[in-house]
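> Predicted coordinates and the sequence they were generated for:
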Amino acid sequence: MLDLEKYLIQGNNRLEGEVKITGAKNSVLPILAATVISGEKSIISNIPNLKDVKVMTEILKTIGSKVKVEEHRMIIDTNGVNSIDLPEELVREMRSSIILMGALLTRFGEVNVSFPGGCEIGPRPIDLHLKALKQMGAEIKESHGFIHCKTEKLKGADIQLDYPSVGATENIMLAAVKAKGVTVIRNAAREPEIMDLEDYLNKSGAKIKGAGTSIITIEGVERLNGTNHKIIPDRIVAGTIMAGAVMTKGKIIIKDIITEHLQSTIAKLKETGANVIINGNSMMVIGPKNINAIEILQTLPFPGFPTDMQAQFMAMLSIGNGTSIINETVFENRFKHAEELSRMGANIKTFGKVSVVKGVKKLTGAKVYAKDLRGGAALVLAGLVAEGDTEIENIYHINRGYENLDETLRRLGAKISCI
Ligand code: UD1
């Protein structure tokens, strides 16, 4: 999808002030999908105002849900859901809508979904999702770019994931909540968003244990009910603002966060020389005079350093003192921002999943292009510290995962506008 709006940033900013962090995108999407299972009314609060959330809401409406959207809150009644076909254009627009596969399979025992295909950060296959659903008794047919899943009754299974995929873990949880018997997911993803999904589902009457660890056990129940739930804060939005404080030698108080979810980001920020002071559910980040290089920054599944923070750290290390090595182990092709940062004067060489970032004294403003969500955020951070003006095109990607990023940064003193 094309978006003609751009960000214009006048460089040499220093960020200072307080920010409240919004609800987590990666939590709200699977939880909205999960509301389909009960066929009752759920009230979800702390919902961020994001493009991806709008797409998920559209999908829920298209298949028959009644959705009332209020400020950061949604009332979703899924009683009228009557379709097993996921609309192709919307699924193509947002890959994570694949999470509805598990939910609809549980509700109707059948689902048709178009193959999500690749995206900006690599091929992103769903083989682990499909293998697990087959183990649970789903018959899966793939033809002409569509996947058709059908089952008489899902049954519990002992599932060993080859990789702790976030999406596969969530899809299995959604398929298992009402399955016959017990499902065990081994080598499950341990991301905080999985815990949030467990929390929502258990409040709805599910019997799930172990989210947040690598073994999750789900005992199938007869029915789920609607419930109220508040989405956890977005650790990636928080991490992005923290990186902004460090890069601009600023001082920011970040509120309404769960600091435990941010430990790997905090540890790496400290390696740059930043001062991070934690106080309950808020923290203060004070940028260092000079940013130290990070010898090795390796992305890993949680609790390792998040791949969703890699681009922002690359922007930061591009003005670091010395050479940093970034090893992206989670996704195949997640360095597209390196090219754009280079247009701003960064010295970055990429070799497959490794990149070498030699810190430069300063970045210079340029016309750059957001190729994906986090890469786009990295360009915004780079623009804040660059000398001169930076124009960022294709900010549609940024709006997928940040609620009014420009406004948030302006409140912290940045010279950024949407044109
Ligand atoms: C989720 C997050 C995304 C984050 C990612 C990794 C959401 C909506 N998105 O994406 O922001 O970057 O976790 O933390 O929560 N893989 C397979 N086969 C599969 C599934 C995954 O090979 O069946 C591979 C992927 O190609 C990728 C890796 O596993 O290389 C991790 O993917 P996964 O954890 O599934 O990420 P998502 O759930 O898509």
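Cool, got the structure. Residues are numbered from 1 along each chain as shown.
> can we go C-alpha only for contacts and neighbour counts from here?
OK.
> give me the number of residues near the closest residue to the ligand within the stretch 301-419 of the chain?
Using Cα to the nearest ligand atom, Phe331 is the residue of the stretch 301-419 of the chain that sits closest to the ligand, at 4.0 Å. Other residues within reach of Phe331, judged by other Cα atoms under 10 Å, total 15.
> and whichever strand or helix holds Val237, what other elements does it pack with?
Val237 is part of helix 235-247 when elements are defined by DSSP states H and E. Under the contact definition 3 or more Cα pairs under 8 Å, 6 or more residues apart in numbering; DSSP states H and E, helix 235-247 sits against strand 251-255, helix 263-271, strand 282-286, helix 310-317, helix 373-385.
> Compile these into JSON lines and extend it with columns for mean pLDDT.
Output for the helices and strands packed on helix 235-247, formatted as JSON lines (pLDDT from 0 to 100):
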{"stretch": "strand 251-255", "mean pLDDT": "98"}
{"stretch": "helix 263-271", "mean pLDDT": "98"}
{"stretch": "strand 282-286", "mean pLDDT": "98"}
{"stretch": "helix 310-317", "mean pLDDT": "98"}
{"stretch": "helix 373-385", "mean pLDDT": "97"}
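> thinking again about what came up before, and the contacts of the helix holding Val237?
Applying Cα atoms under 8 Å, 6 or more residues apart in numbering, the contact partners of helix 235-247 are 14-16, 21-22, 24, 250-252, 254, 257-258, 261-262, 265, 269, 274, 285-288, 291, 308-309, 312-313, 316, 319, 377, 381, 385, 402.
> neighbours around the closest residue to Ser27 other than its chain neighbours, how many?
Among residues not flanking Ser27 along the chain, Glu193 sits closest, at 4.8 Å (Cα to Cα, 6 or more residues apart in numbering). The number of residues packed around Glu193, counting by other Cα under 10 Å, is 28.
> quick revisit: the residue of the stretch 301-419 of the chain closest to the ligand in helix, strand or coil?
coil (DSSP: H, G, I helix; E, B strand; the rest coil).
> and this protein, which residues reach the ligand?
Applying Cα under 6 Å from any ligand atom, we find that the chain lies next to the ligand at 26, 96, 124-129, 165-168, 301, 307-308, 330-331.
> Compute the distance between Ser38 and Thr78, please.
Distance of Ser38 to Thr78, given as Cα to Cα, to the nearest Å: 7 Å.
> try Arg95
According to Cα to Cα, Arg95 stands 22 Å off from Thr78.
> contacting residues for Met314?
Listed by Cα under 8 Å, 6+ apart, the contact set of Met314 reads 326, 338, 357, 378.
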